[in-house]
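Student: sequence unknown, structure follows:
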Ligand code: SF4
Ligand code: SF4
Ligand code: SF4
Ligand code: SF4
Ligand code: SF4
């Protein structure tokens, strides 16, 4: 691992240097919102922006993606596939969102790997950014994530006042850092203590400390508990909690047909939607809202762990902050752990 | 707000003892300055009920899910209007529901309050002092002038004491409307823009719509059992799809224009659609514009529960074939 310091005033040149070789996808401000999108100038990057509403997973797994186009004639069928994966840098990814890529990798890179996701993941250099502020809804530490660690990133930056601590965590990241030695200074003593203090201060901003021990076993025993029906009474069955979740990965395939040509699209879907598991027969195994809501929590807190050995929630708090009727996964976890089996 | 909360709990217990099966009100949420819908079926649970200026959700739509029960529901003035529409459209049987009206001092805009108090304040008590709310935070009193801190819908509200309810809780509230507030100001500013700039404005806001459909799910006027935008049958069986699942500008436009027209004349003005939107799309601009147009074209329709665009008559000379 290579450890350096980057003076804050040099960040812009650091980004500009990256832009010579890569498409830079970074957080920018749009009104009151933070969104990740390709930027044209490094100055657009909102380095200290609050967490985005839509998570950066959008870069690897866009809400709408064309899989292929087709054209038919009497004799012929032509398929045209276009996997878009330019060499890119995804900059400013928070530690919770970095973990989310590990969750998504488990799904999309298992054999046979998803070509579209895999190509972009392969061609994208990940630059993480430690949190400078936490939201009251955050609870990443419940899953062993530190708001100051860049696990999963190629390069990780941490604001330490007048400079960023730069950690190059992979060979790809080291190459980038080592190519421009003039940007950096050597790490000075005392930083580790400062980071520990910062981590404590940040987690103190969390409104609730969440414990997840024994959750999957507990949930398995409570599948038929009336709690889910009770909880779903106020749920609207909208797609907010899933569309803002960095680990949600359900999609739907549709064809858009125009005469003899068309395209096949893959679009985000949400388990809270009424037609999510609607069968062609008309039967829906999750016809009731409480079954759909229960599925979301089981997926986050149990199924994902059973299937891939990694929790399906990273504690980013987005669903907590944005659910219009205050369905709060932190409370769900605490309630489930407290229920008598 | 202690008094009103207490009389609300008393009334709820009484109604539940007298045969109401489900009482829908508000309880404190897990986040500061946030209340959540709360469903009470037993008199001993009424202690969870609250009323304060963070009880924003419109609870009327929940009645639709309990068509088989005797339901009582807490309504503010702006929520109240939605009931008449649903009754007129025969979604609701008015005789089955007990409307519990609360005199409303206005709802505080959460983000603006938190900008003052910090992201995670412990609000210990709230008091309505007429022109302002006083919040006690760590023993300290903080004053929030209504003119500056109320939600936009409240600044133009003329119905904060709901009329035509079955039970009224607490004393009548003084008016909350700000006489200087002009609901059409922003709309006029947009209308005054050159066409290209106006298009750019809407492209920008509609472009970021996620089509999560929360604005539809929360809306009491969006009461169709089968929505145009939903697949009633799985993909391959569909004769026509009205909208693609794709998030694209044309599809987003399509969604927003149809949504706006489908609620035109039926929108209660509760602003829930705009509140729930995760990406801050200003849906009330469209709703207010349509309401203003309908009022100028068809006259004030507030008295007509069916709304200007939903009236039908069996004696209509037009044929509908
Ligand atoms: S939990 Fe909240 S955000 Fe999720 S579907 Fe229900 S109402 Fe919508
Ligand atoms: S479930 Fe909620 S808190 Fe967990 S990762 Fe998804 S959005 Fe974040
Ligand atoms: S619009 Fe009127 S009734 Fe509705 S919350 Fe505001 S003040 Fe209360
Ligand atoms: S709530 Fe907002 S993002 Fe969701 S569909 Fe409505 S306008 Fe679009
Ligand atoms: S359109 Fe919006 S303001 Fe009108 S009734 Fe529906 S949720 Fe309320």
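Tutor: Cool, got the structure. Just so it is clear, the structure is predicted and the values come from calculations on it, not from any experiment. Ligands and ions are numbered 1, 2, ... in the order given.
Student: Pretty sure residue B:39 sits against residue B:24.
Tutor: Yes - in this structure, residue B:39 is within contact of residue B:24 by Cβ atoms under 8 Å, at 5.8 Å. Backbone N, C-alpha and C define where each C-beta goes, glycine included.
Student: More neighbours: which of these two?
Tutor: residue B:24 (24 against 18; other Cβ atoms under 10 Å in any protein chain shown).
Student: Shouldn't that one be within a strand?
Tutor: Yes - the assignment for residue B:24 by DSSP: H, G, I helix; E, B strand; the rest coil puts it in a strand.
Student: contacting residues around the residue of chain A at minimum distance from ligand 5?
Tutor: When scored by Cβ to the nearest ligand atom, chain A has residue A:324 as its residue closest to ligand 5, at 10.7 Å. Residue A:324 sits next to A:236, A:238, A:240, B:57, B:214, B:218, B:272, B:275, B:276 when contact means Cβ atoms under 8 Å, 6 or more residues apart in numbering or on different chains.
Student: Among those, which are located in helices?
Tutor: If you go by DSSP state H, these have A:240, B:214, B:272, B:275, B:276 in helices.
Student: Spatially central residue for chain A, please.
Tutor: Nearest to the geometric centre of chain A sits residue A:246, at 3.0 Å (Cα atoms, centre = their mean).
Student: I'd like to check which residues are in contact with that residue.
Tutor: A:55, A:56, A:57, A:96, A:97, A:100, A:103, A:314, A:316, A:318.
Student: Just say helix, strand or coil for the third one.
Tutor: At residue A:57, secondary structure determined by three-state DSSP is helix.
Student: Point me to the helix or strand that includes the nearest residue to it once chain neighbours are set aside.
Tutor: Closest residue to residue A:57 apart from its sequence neighbours, by Cβ to Cβ, 6 or more residues apart in numbering or on different chains: residue A:246 at 5.2 Å. Following DSSP states H and E, one finds residue A:246 outside all helices and strands.
Student: Got a PyMOL select line for the buried ones in the contacts of residue A:246?
Tutor: A single PyMOL command selects the buried members of the contacts of residue A:246 (16 or more other Cβ atoms under 10 Å in any protein chain shown):
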select buried, chain A and resi 55+56+57+96+97+100+103+314+316+318
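Student: Common neighbours of residue B:39 and residue B:24, please.
Tutor: residue B:62.
Student: Okay, and the residue nearest the centre of chain B sits in which element?
Tutor: Taking Cα atoms, centre = their mean, the centroid of chain B lies closest to residue B:270, which sits 3.0 Å from it. Under the criterion DSSP H and E, no helix or strand holds residue B:270.
Student: mind listing what it touches?
Tutor: Contacts of residue B:270 by Cβ under 8 Å, 6+ apart are B:58, B:78, B:79, B:81, B:82, B:153, B:220.
Student: Now do it against residue A:78, distance only.
Tutor: 51 Å (Cβ to Cβ, to the nearest Å).
Student: What of residue A:310?
Tutor: 40 Å.
Student: The two: who's more crowded?
Tutor: Neighbour tally, residue A:310 and residue A:78, criterion other Cβ under 10 Å: the higher count belongs to residue A:310, 16 against 11.
Student: I'd say that one and residue A:304 touch.
Tutor: Yes - here residue A:310 reaches residue A:304: they are 6.5 Å apart, a contact under Cβ under 8 Å.
Student: what sits in contact with each of those two?
Tutor: A:103, A:106.
Student: check contacts around the closest residue to residue B:167 other than its chain neighbours.
Tutor: Closest residue to residue B:167 apart from its sequence neighbours, by Cβ to Cβ, 6+ apart: residue B:100 at 4.8 Å. Residues counted as contacts of residue B:100 (Cβ under 8 Å, 6+ apart) are B:8, B:11-12, B:15, B:23, B:25, B:72-75, B:165-169.
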